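Undergrad: starting from these lines, generate the structure:
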Amino acid sequence: MVEPAFDGYAGDPKTTAAWCQQLRDMYRAWANKRHMQLSEIPAPSGEAPVLLVSGFGAQRVLKDECGLHLLERADSEGVASRATARVRLAVTPLGDVPQAKLAGALAKAFEEAGRPSLVVRRYRREPSPLVRSGDGSWRSGRLDAVLQGDFDLLMAEDES
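TA: Numbers count the residues shown, from 1 in each chain. Reported below is the predicted structural model:
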């Protein structure tokens with residue numbers, strides 16, 4: 001689940017919502033490129049959809065994505081602002097769960113998983129593209145590649 005973490009991006013909740021949508025698109029692209037099974041269901045809160053991703057290694061990679069993703073920028077006067085999205089992961093029950101019970105099972109799983117608050121990544125478009133890990137272990141100017149779903153490949157390149 002990708003949801004707004006805090007209100008505001010220079011006071012514009014629409015920008016935060018757009019940032020959340022862009023991150024959902026990033027995870028959709030990641031799943032499609034890796035031939036994962038992907039489906040979407042309405043969120044327990046009734047807002048943006050929850051992405052259901054399954055396949056070999058999906059949970060291993062996506063658990064490291066849980067937390068805050070910050071899109072940072074400075075306006076023409078140099079005033080910094082940011083849009084903050086929270087990525088959450090819930091493990092769904094194995095096997096076939098009837099659609100009527102899936103929403104309840106997901107709501108319970110998200111409740112148990114909590115709301116992670118560590119910064120996973122910081123993103124910047126201008127003055128030059130930059131993506132930095134929250135722990136400072138890697139950085140890349142390949143913002144487009146990250147947002148096209150290759151975030152895990154760039155991290156792996158940096159570790160080698």
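
Undergrad: contacts for the longest helix along the chain?
TA: Ranked by number of residues, the top helix in the chain under DSSP state H is helix 13-33. For helix 13-33, the surrounding residues in contact (Cβ atoms under 8 Å, 6 or more residues apart in numbering) are 2-4, 6-9, 36-38, 48-49, 51, 53, 55, 58, 61-62, 65, 69, 71, 83-85, 87, 146-152. Where you see a C-beta, it was placed from the backbone N, CA and C, and this is true even at glycine.

Undergrad: pLDDT weak spots in this structure?
TA: For the chain, the stretches flagged by pLDDT under 70 are 7-11, 44-46, 75-79, 93-95, 155-160.

Undergrad: ok, back up a step: after the longest helix of the chain, which helix or strand is next? Please name it.
TA: Downstream of helix 13-33, the first helix or strand assigned by DSSP states H and E is strand 37-42.

Undergrad: list the neighbouring strands of that next one plus their orientation.
TA: According to DSSP bridges, the neighbouring strands of strand 37-42, each with its direction, are strand 49-54 (antiparallel).

Undergrad: done for today, thanks.
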